[in-house]
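Enquirer: I'd like to go over a predicted model; first the sequence, then the structure.
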Amino acid sequence: MNNPLLLQRLQQALGHTFARPELLIQALTHRSYASTNNERLEFLGDSVLNCSVARALYDAFPDLPEGSLSRLRANLVRQETLAEIAAALNLGDVLRLGEGELKSGGFRRPSILADALESLFGAVFLDAGFDAAERVVRGLFDPRVAKIDPRASGKDPKTQLQEVLQSRRLPLPEYRLVDTRGEAHDQSFIVECVLARPALVTRGVGKSRRAAEQEAAREACTAVQKQVATK
């Protein structure tokens with residue numbers, strides 16, 4: 001968990017080398033491991049993250065109103081997105097977890113990964129100031145901002161699908177839980193999105209039922225829009 005090579009690789013991926021390495025260690029320490037842990041750093045990091053992402057969106061989409069920018073930000077800073085980024089950084093390999101969390105697979109749990117990532121932002125802020133922390137956040141989030149379709153206005157896939165169907169006076173979708181796989185600490189949910197008109201069934205997989213529903217809705221929305229475009 002404290003492998004120097006892994007810690008060096010993490011700092012390289014973040015684009016920040018800690019002058020105070022104890023802050024890095026604290027950011028990676030879960031409350032199950034020690035009383036001096038990353039919870040307070042997470043509090044700081046959450047604010048750094050929200051401000052940095054807000055600035056990124058403000059600069060990228062000068063014509064979007066406040067409401068749309070807020071929805072885009074909420075989509076970017078949600079737990080699922082943070083956990084994806086943390087997993088890409090292999091954050092689970094360097095977390096300091098108590099024995100119980102280790103045995104239950106806490107190093108893969110989205111909530112723990114997301115909290116640790118926010119803690120890292122807070123640690124960078126204390127180590128080198130806001131500008132350095134913002135650079136780290138922007139380095140991780142700017143590629144995602146660049147892929148945003150502003151016409152979607154930050155609406156989640158289920159909302160987008162509902163609006164597409166309502167605009168065409170079509171029945172709303174039904175979501176069905178098909179299966180749950182894996183152990184309690186590392187489950188995957190499989191959900192179907194069922195449309196009556198057009199007759200269509202799409203499937204989504206996610207670490208939560210909500211995430212699976214959103215993925216199924218995204219597939220359905222894409223399919224409906226393609227059908228409309230070909231008519």
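Expert: Yes, it's here. All figures in this text were calculated on a predicted structure; none of them were measured in a lab. Numbering: from 1, shown residues only.
Enquirer: alpha carbons only for contacts and neighbour counts from here, please
Expert: OK.
Enquirer: Is residue 84 within a helix or a strand, and which one?
Expert: helix 79-88 (DSSP states H and E).
Enquirer: Which SSE is immediately downstream of that helix?
Expert: Going down the chain from helix 79-88, the next helix or strand is helix 99-103, by DSSP H and E.
Enquirer: Count the residues that sit near residue 178.
Expert: 12 (other CA atoms under 10 Å).
Enquirer: ok, now which ones touch it?
Expert: Applying CA atoms under 8 Å, 6 or more residues apart in numbering, we find residue 178 in contact with 189, 190, 191, 192.
Enquirer: try it again with 7 Å
Expert: Contact partners of residue 178, counting by CA atoms under 7 Å, 6 or more residues apart in numbering, are 190, 191, 192.
Enquirer: What is the neighbour count of the second one?
Expert: Using other CA under 10 Å, residue 191 has 27 other residues around it.
Enquirer: repeat for the last one
Expert: Residue 192 has 24 neighbouring residues, counting by other CA under 10 Å.
Enquirer: Show the backbone phi and psi for it.
Expert: Backbone torsions of residue 192, given as degrees, to the nearest 10, read phi -110, psi 140.
Enquirer: now swap in the second one and tell me
Expert: Main-chain dihedrals, residue 191, degrees, to the nearest 10: phi -130, psi 140.
Enquirer: do you know how far the residue positioned nearest the centre of the chain is from residue 52?
Expert: Among the residues of the chain, the one closest to the centroid is residue 81, at 0.9 Å (CA atoms, centre = their mean). Distance, residue 81 to residue 52, using CA to CA, to the nearest Å: 15 Å.
Enquirer: ok, and the closest non-adjacent residue to residue 189?
Expert: Counting by CA to CA, 6 or more residues apart in numbering, residue 180 is the residue found nearest to residue 189 once chain neighbours are left out, at 4.7 Å.
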